[in-house]
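Novice: I would like the atomic coordinates for the input below:
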Amino acid sequence: MQSTSHKLLRIGVFYDGEYFRRVSNYYAGTHPRKARISIEGLHNFIRARAAAAEGTGLKLAQILDAHYFRGRLKAREAEERD
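Specialist: Numbers count the residues shown, from 1 in each chain. All right, here's what the predicted structure looks like:
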């Protein structure tokens, strides 16, 4: 697809930290790939999909904010994860 816009595409990403941790643990331990999720790779994928959806070039699709949120753990939950 040819670029139709020359305007910067600003992207914000918000991660559900607990969900992300579980998925990353699955890929690291259970999945045949045996590797954690790459944040850089995930951001490149998001940029490429957003650029394609908006009809702009990949260089113009930039992640300006990325936030990782996790709820507070109870003391017992924190001990179990160590």
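Novice: Can you dump the C-alpha atoms of the helix or strand of the chain with the lowest mean pLDDT in CSV for me?
Specialist: Lowest mean confidence among the helices and strands of the chain (mean pLDDT, DSSP states H and E): helix 75-81, at a mean of 71. Written as CSV, here are the backbone C-alpha positions of helix 75-81 (Å, rounded to 0.1, in the frame of the first residue of the first chain):
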residue,chain,number,x,y,z
ALA,A,75,1.9,-10.2,50.5
ARG,A,76,1.1,-13.9,50.1
GLU,A,77,1.0,-13.6,46.3
ALA,A,78,4.4,-11.8,46.2
GLU,A,79,6.0,-14.5,48.4
GLU,A,80,4.7,-17.2,46.1
ARG,A,81,6.3,-15.6,43.0
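Novice: any idea how far residue 80 lies from residue 74?
Specialist: Residue 80 sits 10 Å away from residue 74 when distances are taken as C-beta to C-beta, to the nearest Å. Backbone N, C-alpha and C define where each C-beta goes, glycine included.
Novice: In this structure residue 54 contacts residue 7, no?
Specialist: No: applying C-beta atoms under 8 Å, one finds residue 54 not in contact with residue 7, separated by 9.1 Å.
Novice: Compare neighbour counts for those two and give me the winner.
Specialist: residue 54 (16 against 8; other C-beta atoms under 10 Å).
Novice: dump the residue contacts of residue 27.
Specialist: 33-37 (C-beta atoms under 8 Å, 6 or more residues apart in numbering).
Novice: Could you give the backbone dihedrals for it?
Specialist: With angles defined as degrees, to the nearest 10, residue 27 sits at phi -70, psi -30.
Novice: and it, how far is that from residue 50?
Specialist: 23 Å.
Novice: Equivalent analysis for residue 74, please.
Specialist: Distance from residue 74 to residue 50, by C-beta to C-beta: 37 Å.
Novice: helix/strand/coil for residue 71?
Specialist: Classification of residue 71 using DSSP: H, G, I helix; E, B strand; the rest coil returns coil.
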